[in-house]
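Participant: next comes the sequence, and after it the predicted model I'd like to discuss.
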Amino acid sequence: MIRGGQIRGAQIRGAQIRQRLRTLLARALYGLYPRRWRARYGDELADCLARSDLTARGALALLAGAVDAHLNLTELMEGWTGMSARLRTTIWTSWVTCVALGFAAAGAAKANDDGRLMAAERSYRAARVAFTTVQAAFVIALAVIVVGAVPIAVLAARDAWRARAWPMLGRLAFPAAALMVIAGTAALLGVLARHDPSLGHVTGYALFILWNVAVLALVITSALALRTVIRAAILPPAVVRLATVTAAIAALLVSVGAIAFAAWGIALHADSARLLGTGAGLLGTPFVVTWGPLALAAIGAAAAAGWNAARGLRALAAAP
Amino acid sequence: MTARSSDLGRFADPAVLIMASLADGPKHGYALIEDIAAFSGTRLEPGTLYGALPRLERRGWVMSLPAEERRRPYCLTEAGSEALRAQLATLRRVAATGFHRLGTA
């Protein structure tokens, strides 16, 4: 009886030692893979190895896999997926920048509600051409973004609906809802500013700042929601390519728009300097307060979008 | 589609098994091994699986999804579905010819 127990104990210890040796061998073979390969696939491979017993055939496959990974590292690691991840980042950053600039341009367009500015634009050709260019550039940029975004939204929505992935559907719906809130409050503030004669400068400033803070919060949360959608959606390469090209075109258009916006203010200043000191901006704020920071932000953001788009196009050219 | 399955070399056969397994939805590495073993009787070794998966990703035939802890699910892309259909059509012709010549069709 005692001897039988000793045999069983020895068998268990033997099995434990064999298991330990298999684990050590698996770790050693795993360590033979290139570091760059392990950074991408290592966790997954380690998870598989932890869940299965390493056989002699499995050990040979791991050894062959490690040799293969060293020999074909470039081919394995610089494929479409890596490019696709980079392109998705380009798409997201360029689109968000362009849409944010579109909002800024819409805000700046409100400055045109002022009769004196409108009269000045009618009188001065340079200012009129510049402002028309701003409007045209941002409208076309937003239309181009829609062309690239619709296939992504449709595919993401279809897959999310099939998988009953409610958080993903919520992320898809959020930017549209935010856009409606922004448009609604902008219209409301416009009506308020036009029809309430008691709306003084202080109230105008407060509303202007509050509205901008709210818009910024909605733009940031929408951008984060879109980021998740663009990164997680299952997209065919053709859709990613189209979206990257639209991001590059939109970045080019907003760059033109940002430069035209700066030129618009400069042209107005050159033609009618006194306008810059008046309360001709949004909700009675001085024109310089509306135009100056927006022009600087627009040029900076357009440059960032252009740089990102250039990186995306380079990645696209190198994609398999 | 410019890429062909013959370009996958010794990973061509595992590639078909992996794509067939992903045809009914995303799976991570170990789930692929188990599913392939269940429907084909072939147990892919992790080393073989992770030799084929990067190649399929590079061709845009499968796509990785966001990782869940240490596991990253993979799914079949539209291009992957087309490639799988072409492969299965060839296999069907081979099987039909083989059965016919054996007189068991």
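Facilitator: In hand now; what should we look at?

Participant: how about the contacts made by residue A:98?
Facilitator: A:141-142, A:145, A:247, A:250-251, A:253-254, A:305 (Cβ atoms under 8 Å, 6 or more residues apart in numbering or on different chains). Bear in mind the C-beta positions are built from the backbone N, C-alpha and C, glycine included.

Participant: near chain B, list only the ones from those residues.
Facilitator: Residues of the contacts of residue A:98 in contact with chain B (Cβ under 8 Å from any Cβ of the partner chain): none.

Participant: quick one, phi psi at residue A:176?
Facilitator: Dihedral pair for residue A:176: phi -70, psi -40, per degrees, to the nearest 10.

Participant: so it versus chain B, what's the distance?
Facilitator: Distance, residue A:176 to chain B, using Cβ to the nearest Cβ, to the nearest Å: 23 Å.

Participant: residue A:144 versus that residue, what's the distance?
Facilitator: 18 Å (Cβ to Cβ, to the nearest Å).

Participant: more crowded one of the two?
Facilitator: residue A:144 (21 against 10; other Cβ atoms under 10 Å in any protein chain shown).

Participant: now for the strand or helix carrying the more buried one, which elements pack on it?
Facilitator: Using DSSP states H and E, residue A:144 maps to helix A:125-162. Secondary-structure packing of helix A:125-162 (3 or more Cβ pairs under 8 Å, 6 or more residues apart in numbering or on different chains; DSSP states H and E): helix A:80-109, helix A:115-123, helix A:166-195, helix A:201-232, helix A:237-271.

Participant: turn these into a markdown table, including mean pLDDT.
Facilitator: Formatted as a markdown table, the helices and strands packed on helix A:125-162 follow (pLDDT from 0 to 100):
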| stretch | mean pLDDT |
| --- | --- |
| helix A:80-109 | 70 |
| helix A:115-123 | 67 |
| helix A:166-195 | 78 |
| helix A:201-232 | 76 |
| helix A:237-271 | 82 |
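
Participant: got the buried residues for stretch A:31-41?
Facilitator: The neighbour-count check on stretch A:31-41 (16 or more other Cβ atoms under 10 Å in any protein chain shown) flags A:33-34, A:37-38, A:40-41 as buried.

Participant: hang on, residue A:223 packs against residue A:94?
Facilitator: No. The pair residue A:223 and residue A:94 fails to qualify as a contact (Cβ atoms under 8 Å) at a distance of 11.7 Å.

Participant: which one's more surrounded, these two?
Facilitator: residue A:94 (29 against 18).

Participant: now the phi/psi pair for residue 60, please.
Facilitator: Using chain A here. According to degrees, to the nearest 10, residue A:60 has phi -60, psi -40.

Participant: ah, I was thinking of chain B
Facilitator: According to degrees, to the nearest 10, residue B:60 has phi 80, psi 20.

Participant: pLDDT score assigned to residue 32?
Facilitator: If you meant another chain, say so; for now it's chain A. Confidence at residue A:32, expressed as pLDDT, is 90.

Participant: ah, I was thinking of chain B
Facilitator: On pLDDT, residue B:32 comes in at 95.

Participant: neighbours of it, how many?
Facilitator: Residues near residue B:32, counting by other Cβ under 10 Å: 24.

Participant: ok, and the closest non-adjacent residue to it?
Facilitator: Counting by Cβ to Cβ, 6 or more residues apart in numbering or on different chains, residue B:32 lies nearest to residue B:21, which is 5.3 Å off, once chain neighbours are set aside.

Participant: for residue A:219, same thing?
Facilitator: Of all residues not flanking residue A:219 in the chain, residue A:100 sits nearest, at 5.5 Å (Cβ to Cβ, 6+ apart).

Participant: enumerate the residues of chain B near chain A.
Facilitator: Residues of chain B lying near chain A (Cβ under 8 Å from any Cβ): B:3, B:28-30, B:33, B:45-51, B:53-55, B:57-60, B:63-67, B:70-72, B:75, B:77-79.

Participant: one more time with 6 Å, if that's ok
Facilitator: B:29-30, B:45-48, B:50-51, B:54, B:57-58, B:60, B:63, B:66, B:70-72, B:75, B:77-78 (Cβ under 6 Å from any Cβ of the partner chain).

Participant: these in strands, which ones?
Facilitator: B:63, B:75 (DSSP state E).

Participant: what about burial for the residues of chain B next to chain A, which qualify?
Facilitator: Buried among the residues of chain B next to chain A by 16+ other Cβ under 10 Å: B:29-30, B:45-48, B:50-51, B:54, B:57-58, B:60, B:63, B:71-72, B:75, B:77-78.

Participant: contact partners for the residue most central in space within chain A?
Facilitator: Residue closest to the average C-alpha location in chain A (Cα atoms, centre = their mean): residue A:92, at 2.4 Å. Neighbouring residues of residue A:92 by Cβ atoms under 6 Å, 6 or more residues apart in numbering or on different chains: A:227, A:230.

Participant: ok, it to residue B:42 distance?
Facilitator: Per Cβ to Cβ, residue A:92 is found 40 Å from residue B:42.

Participant: I appreciate the help and will end here.
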